[in-house]
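Peer 1: I would like to see how this sequence folds:
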Amino acid sequence: MDDNLDDWDKKRKGYLAVAIICFIIGAYLFIRVHSDSYVIKSSNLKTIGNLIASDKPKFEEITGKHARKWIEFKCAENKSTFKIANFDYRCVNDDEVLNEINVGDTISIQILKDDIENFDTETTCEIHSLVKNKKEYLDIECRNKKENKDSENVYIILFSVTIMTGGVYCLIKKPKFFDEVDPCVPIWIIIIVLFFVLH
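Peer 2: I've put the predicted structure just below:
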């Protein structure tokens, strides 16, 4: 009986550790979201105009564990490879960018002021605006909303895990139900349900 109590106490401490970690990360994300830290504002951007596309934009993809998708293109008399990151601009109509931007087109772009040192260098430069003939191809408002929503979903799940694991820790005496089912099982079921509901 004492051995069972010791095992349960060890498990409770493990759940307490998980609760604390999830709360700290969740609180960090909560503060970041509500202070607009993930939002890109116009004041953060530098506009660069009169660039001439030297090749058509092309779709690139890396599959596997670290899968990524993006669109890239180059401009005449500029060393940078300009990149539209898929995780940043999921609302973008890729086909429009790929089909409507042609070699020789005059375009303007916006990049983060913090990234200006990467402009016209042998490196990748992520853009946050792409304009041709007064048509904007990137929707930064949509990007900001999705970025905030994703982080919001994560902190909701983390706070939920904090409540559930904290609740398990508060159970001084092990419930008979947990003799049959590990507490991880209902917790994971609720996390999966939350994930699908929030998405």
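Peer 1: give me the low-pLDDT residue ranges for the chain?
Peer 2: Scanning the chain with the threshold set as pLDDT under 70 gives 1-5.
Peer 1: Look through it and tell me its longest helix.
Peer 2: Across the chain, the helix with the greatest residue count (assigned by DSSP state H) is helix 2-34.
Peer 1: I'd assumed residue 59 was in a helix, is it?
Peer 2: No: Residue 59 is assigned strand when assessed by DSSP: H, G, I helix; E, B strand; the rest coil, not a helix.
Peer 1: for it, what are its contacts?
Peer 2: Contacts for residue 59 were tallied using C-beta atoms under 8 Å, 6 or more residues apart in numbering; they are 69-71, 94, 98. Every residue, glycine included, has its C-beta placed from N, CA and C.
Peer 1: same thing but 6 Å
Peer 2: Residues near residue 59 by C-beta atoms under 6 Å, 6 or more residues apart in numbering: residue 71.
Peer 1: Off-centre distance for the helix or strand where residue 83 lies?
Peer 2: Secondary-structure element containing residue 83, defined by DSSP states H and E: strand 81-85. The gap between where strand 81-85 is centred and where its chain is centred comes out at 17 Å by C-alpha atoms, centre = their mean, to the nearest Å.
Peer 1: Note down every partner strand of that strand and its orientation.
Peer 2: Paired neighbours of strand 81-85 in the sheet (DSSP bridges): strand 68-74 (antiparallel), strand 124-126 (parallel).
Peer 1: Just list what the longest helix of the chain packs against, helices and strands only.
Peer 2: With contacts defined as 3 or more C-beta pairs under 6 Å, 6 or more residues apart in numbering; DSSP states H and E, the secondary structure elements packing on helix 2-34 are helix 140-169.
Peer 1: 10 Å instead?
Peer 2: Taking 3 or more C-beta pairs under 10 Å, 6 or more residues apart in numbering; DSSP states H and E as the contact definition, the neighbouring helices and strands of helix 2-34 are helix 140-169, helix 177-180, helix 184-198.
Peer 1: how about the first one: buried residues?
Peer 2: Buried residues in helix 140-169, counted by 16 or more other C-beta atoms under 10 Å: 140, 143-144, 146-148, 150-162, 164-166, 168-169.
Peer 1: same deal with the last one?
Peer 2: When burial is assessed from 16+ other C-beta under 10 Å, helix 184-198 yields the following buried residues: residue 187.
Peer 1: between it and helix 140-169, what angle do the directions make?
Peer 2: Direction vectors for helix 184-198 and helix 140-169, defined by axes from the mean of the first three to the mean of the last three C-alpha atoms, to 10 degrees, enclose an angle of 160 degrees.
Peer 1: Done for today, thanks.
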